[in-house]
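*Asks:* Using only what follows, build the 3D model:
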Amino acid sequence: MRITPLVALLLSVLAVTPAQAVLHITRDHGGYVEEYKAKYKLIRDRRERVVIDGICNSACTLVFGIVPLNKICVTPKASIGFHQAYYDKAFTFGIKVTSLEGTSDLMSYYPDTVKDWIRRNGGLTTEMKKIKNGVDLWKIVDPCPEEW
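*Replies:* Predicted coordinates:
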């Protein structure tokens, strides 16, 4: 088994279980969808909170479909980025190849508020579509309280 940074993070989360843990996302460019599903299901099941305080792109955005939205908040530094899913480049000779099945899977997790934003902005494409902190993002998830 290959230990990726995300797996290492997941193992460290398992090792320490505070009562009111908070996942603080500051610079997450995404990765393997299945790893993010496992990570966020664990956070959801532990009823932990998520603070998005920076970049949350690609597979990171699955947080909106797995962790209850009332357990997530965004700070003024938040930036969310969506794009189509890709096959692992290890299996495509290093070429970026979109996955219709993977993209459909991503969309199946998103709540209607995320799906609506994606539709209003031309659907998922190969290009990253970003939401910066502000009204559009607050239609999806609440801003964090002042202490963040």
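*Asks:* which residues of the protein fall in strands?
*Replies:* Assigned by DSSP state E, the chain shows strands spanning 22-28, 49-57, 72-74, 79-82, 129-132.
*Asks:* residues making contact with stretch 54-67?
*Replies:* Here stretch 54-67 makes contact (CB atoms under 8 Å, 6 or more residues apart in numbering) with 25-33, 35-37, 40-41, 43-44, 48, 50, 52, 72, 77-83, 106, 108-111, 114, 128, 130, 140-141. Using the backbone N, CA and C atoms, a C-beta is placed for each residue, glycine as well.
*Asks:* same thing but at 7 Å, please
*Replies:* 25-33, 36-37, 40-41, 43-44, 50, 72, 77-83, 109-111, 114, 128, 140-141 (CB atoms under 7 Å, 6 or more residues apart in numbering).
*Asks:* can you check stretch 123-135 too?
*Replies:* 57, 74, 76-84, 98, 103, 117-118, 121, 137.
*Asks:* Now the terminal residues of that stretch, how far apart.
*Replies:* 19 Å (CA to CA, to the nearest Å).
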